[in-house]
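In: Pasting a predicted model and its sequence here:
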Amino acid sequence: MPELPEVEAARRLLTRAAVGRRIVAVRCAHDPIVFQGVSPARVRRALLGRRVVAARRHGKHLWLELDRRPWPCFHFGMAGGIEVRGRRRHRLVMEGRRNHEPLWPPRFCRLHLVLDDGSEVVFRDARRLGRVRLRHDPPAEPPISLLGFDALRELPPLRRLAALFGERAAPVKAVLLDQSFSAGVGNWIADEVLYQARIDPRRRAHTLTAAEIGRLRARLRSVLTTAVRLGADGDRFPPKWLFHTRWSKRDRRPMTVRGERIRYLTVGGRTTAWVAEVQR
DNA sequence: CTCAGTGTTCAGTG
DNA sequence: TCACTGAACACTGA
């Protein structure tokens, strides 16, 4: 379920588990879709024996900086994630594992790394919408070079953000979802931020007032920092968040905890939850 | 059984 | 050029 907070949680997990470690074994599925045409042999050659220097992220893209290039770059698609098994303890980030599923490596494992302290790192992706690429200079190469500002670390100052919105006629939600605009914002974050900022998701971006953009910016920052602080664990998100309606969408009358009726429509090709009485 | 989905890309349309 | 639509990808869970 990967948007920026989940990818950031995975980055922090990798930082703890893998940075400073050497890769002593590599198991790689033969999957030209997930691996973007790169053969398992090439992946092995790139990773085996390397030391991990850092784990980096931009938007929803994550990569490992190694002591020699190329470096592996990950995108989680709709259902991908990183799992780590420490020497002693199981650690599980993204995908909820079914109860009583003792499997290791986990189902849908695409890439399996063993590190020199005995811990293991797995990239898993049930739907195969995720990607693993090898890059010599990730920030300078696509797809990462095509991304806009990282919505967590690089949120532009109000004036600049207003100027960027001023150039766009598309619905504000579509603009937020555009990764070449704000990298890392996905469907639930866009809905959450627009709800909290009280802005109708269909509003054309260039019609937003300075006050509205100010609210949008403040809510984007607070939603992201809160979600990251809570380890991207939706169960711990504040009860007032619209996010929780994701799980009750099939209710006859989905409501927020404030008793607001939630409506659904399609904006930017995506299902959009919103509250008509609040968002203008 | 059917259908939508926390994402992206591409072809086709207006 | 911009913006939108639908399809495709492959699987899960409601």
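Out: Cool, the structure landed.
In: Chain A: strands as residue ranges?
Out: Counting by DSSP state E, chain A has strands at residues A:23-28, A:52-58, A:61-66, A:71-75, A:80-85, A:90-92, A:109-115, A:120-125, A:131-135, A:149-150, A:182-183, A:263-267, A:270-274.
In: what about the fourth one and DNA strand C, touching?
Out: No - contact check for strand A:71-75 against DNA strand C, using Cβ under 7 Å from any atom of the strand: none in range, with a minimum separation of 11.9 Å. For the C-beta atoms, the positions are set from N, CA and C on the backbone; glycine is no exception.
In: One more: the last one?
Out: No - figure legend: strand A:270-274 not in contact with DNA strand C (Cβ under 7 Å from any atom of the strand); closest approach 9.1 Å.
In: out of the strands of chain A, which comes closest to DNA strand B?
Out: Closest approach to DNA strand B among the strands of chain A is made by strand A:270-274 (3.2 Å; Cβ to the nearest atom of the strand).
In: Please list all residues in contact with A:Arg160.
Out: For A:Arg160, the contact set (Cβ atoms under 8 Å, 6 or more residues apart in numbering) is empty.
In: Let me know the pLDDT of it.
Out: pLDDT recorded at A:Arg160 is 95.
In: And A:Pro139, by the same measure?
Out: We have a pLDDT of 93 for A:Pro139.
In: That one touches A:Arg57, doesn't it?
Out: No - counting by Cβ atoms under 8 Å, A:Pro139 does not reach A:Arg57; the two are 11.0 Å apart.
In: What number of residues are in the vicinity of the residue in the stretch 101-250 of chain A that DNA strand C sits nearest to?
Out: Residue of the stretch 101-250 of chain A nearest DNA strand C, by Cβ to the nearest atom of the strand: A:Ala169 (3.2 Å). For A:Ala169, the neighbour count with other Cβ atoms under 10 Å is 11.
In: same check, this time on A:Ala205
Out: Neighbourhood size, A:Ala205 [other Cβ under 10 Å]: 22.
In: again with A:Glu120
Out: Counted with other Cβ under 10 Å, A:Glu120 comes out at 20.
In: check contacts around it.
Out: Shown in contact with A:Glu120 (Cβ under 8 Å, 6+ apart): A:84-85, A:104-105, A:112-114.
In: Show me just the buried residues among those.
Out: If you count burial by 16 or more other Cβ atoms under 10 Å, the buried members of the contacts of A:Glu120 come out as A:84-85, A:105, A:112-114.
In: before we move on, the earlier item: so between A:Pro139 and A:Arg57, which is more surrounded?
Out: Between A:Pro139 and A:Arg57, counting by other Cβ under 10 Å, A:Arg57 is the more crowded of the two (22 against 12).
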